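Novice: everything below, folded, please.
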Amino acid sequence: MKIPAKKKCFQLMCGMQMPEHIVAHSIQVCRVGLCLVDHLKLQGIQMDRQLVIAAALLHDITKTRSFETAENHALTGGQFLTDLGMPTNGCCMIISSHWMSA
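Specialist: Prediction:
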């Protein structure tokens with residue numbers, strides 16, 4: 001699987017039964033990410049918009065189940081997407097590293 005399109009991201013989120021508040025949070029993270037991409041572009045720095053969209057929307061893909069399992073949702077989210085065939089050097093790596101233990 002290549003970087004998933006926005007529609008596929010929402011299908012994956014739905015399939016993982018993400019609550020509305022986590023979906024809303026992910027959409028907001030995506031908006032902020034795209035603002036940063038646009039700002040960086042003005043500075044001459046190019047970013048992969050599709051990668052930012054997918055990573056932002058999917059960064060909490062296993063968050064819901066982590067409430068019961070106490071798993072690190074960043075690590076399991078990256079692994080979940082790797083298991084679906086997404087390359088580990090892009091979206092999966094971003095998702096796996098988005099959360100740090102306190």
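
Novice: C-alpha from now on. contacts and neighbour counts both.
Specialist: Will do.

Novice: for the protein, which spans come out with low pLDDT?
Specialist: When residues are selected by pLDDT under 70, those of the chain lie in 1, 100-102.

Novice: quick one: the helices in it, in order.
Specialist: Under the criterion DSSP state H, the chain contains helices at 6-15, 20-42, 49-58, 63-69, 73-83, 91-96.

Novice: quick one: contacts of the longest one?
Specialist: Read that as helix 20-42. 13, 46-47, 49, 52-53, 56-60 (CA atoms under 8 Å, 6 or more residues apart in numbering).

Novice: quick one on the thing from earlier: now the helices of the chain in JSON lines, with mean neighbour count?
Specialist: Shown next, in JSON lines, are those (neighbours: other CA atoms under 10 Å):
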{"stretch": "helix 6-15", "mean neighbour count": "14"}
{"stretch": "helix 20-42", "mean neighbour count": "15"}
{"stretch": "helix 49-58", "mean neighbour count": "23"}
{"stretch": "helix 63-69", "mean neighbour count": "14"}
{"stretch": "helix 73-83", "mean neighbour count": "21"}
{"stretch": "helix 91-96", "mean neighbour count": "24"}
